[in-house]
Every structure is written in structure tokens, then in C-alpha cells.
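> Attaching a predicted model along with its sequence, questions to come.
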Amino acid sequence: APVEAATAAAAGSGSCAEVEMEAPAPGPEEDEDSEPFIWMAVLLAMLQPLLADALPRDPSGVCIIPHPHQMKEEEASVCIGVDIRQTFRTNKICDNCGQRIQDRYFYHCAQNCDIDFCQECQRQSQELLTSFLERSGDHDM
């Protein structure tokens, strides 16, 4: 706006001279306030490639956070169908895929957290974690 006003004033005076005005220098308050944010952005940009493989990912690329406790195998007590495939009543929903668990065996948290996995999700989870730990060089699990 100051440059436009100066240009308009010069044009109104009949003078062909161009008037150049410098933008006002940022005050000390603006420099001090914005500097930490700039450094934070630079730091995050530098760290991002290092964090890319910090957590295991499922086949679609979504990061998974493993449950901190062991999962123990449990057996369903009631068989409700013997058609082509036996179906069992567990009254459990898989916390990974969201499907009703109807297999004879399923996995429940050994510390009794409300976490249950169907056989397939437990198998996939173990495969992902095993391959992740092998890539990272941690063989404790």
C-alpha cells in the first residue's frame, strides 16, 4: 500500500520519476517470535527421513503400534455350526480387523487387557514385527 500511494502521488504530480520505497524492516519482535518456528520446521525436515521406518507398517503402509503385552492363545468353548467350516462362539471382535472372531483359537492379552486378535491378524502382526525387528537389527523378541 505505501508503494502504491507513492506511485499514485508521483503520477498525480505530473512527474515521470519513479519513486521506490523499501518495505519496512521487520521489527525486533517479529524476528524473535518467528525464529524458533523456522528452526523447528528445519529440524523436522531434517529428521523426517530418519523417522520414516521408526515403526512397523502393514502392507498398505499404515504404521502399526504393537500391543505392549504378550498375546496368549485361547480356545473357544462353544461350537455353533459344523457346516463346511466349524464356527465357534467367542463373543469377541478382533481389535485389528474388526470382524467377529469365529475361529476355534484366538489371541487375548496375557495381562487381561481388552485386546483380542483373530488367528489371521495375530499371524500377520507377528510377521510384520519379526521382519521389522530383523531389519532394525533387534533380535530380542
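Received the coordinates, thanks.

> Tell me which residue is most central in the protein.
For the chain, the residue nearest the mean C-alpha position is Cys63 (5.8 Å; CA atoms, centre = their mean).

> what residues are up against that residue?
Leu55, Pro56, Arg57 (CB atoms under 8 Å, 6 or more residues apart in numbering). All C-beta spots, glycine's among them, are computed from the backbone N, C-alpha and C.

> Restricted to helices, list those.
Using DSSP state H to define helices, no part of the contacts of Cys63 is located there.

> Of the residues you listed, just say which sits nearest to His67.
Pro56 (12.5 Å; CB to CB).

> any idea how far the closest residue to that closest one other than its chain neighbours lies from Cys63?
Using CB to CB, 6 or more residues apart in numbering and skipping residues adjacent in sequence, the residue nearest Pro56 is Phe132, 3.8 Å away. For Phe132, the distance to Cys63 (CB to CB, to the nearest Å) stands at 11 Å.

> Quickly list what's touching both of those two.
Pro56.

> so what secondary structure elements neighbour the helix or strand hosting the residue nearest to Pro56?
Secondary structure assignment for Phe132, by DSSP states H and E: helix 119-136. Applying 3 or more CB pairs under 8 Å, 6 or more residues apart in numbering; DSSP states H and E, one finds that helix 119-136 contacts strand 105-109.

> Let's test this: name the helix or strand in the protein with the lowest mean pLDDT.
Least confident helix or strand of the chain, by mean pLDDT, DSSP states H and E, is helix 2-12 with a mean of 46.

> Quick one, grab the pLDDT at Gln70.
With respect to pLDDT, Gln70 scores 93.

> list the contacts for Thr90?
Counting by CB under 8 Å, 6+ apart, Thr90 has contacts Ala76, Arg100, Ile101, Gln102, Asp103, Phe106, Asp116.

> for the fifth one, helix, strand, or coil?
Which is Asp103. coil (DSSP: H, G, I helix; E, B strand; the rest coil).

> Now for it, how many residues are close by?
17 (other CB atoms under 10 Å).

> Next one: it relative to Met46, how far apart?
Taken as CB to CB, the span from Asp103 to Met46 is 46 Å.
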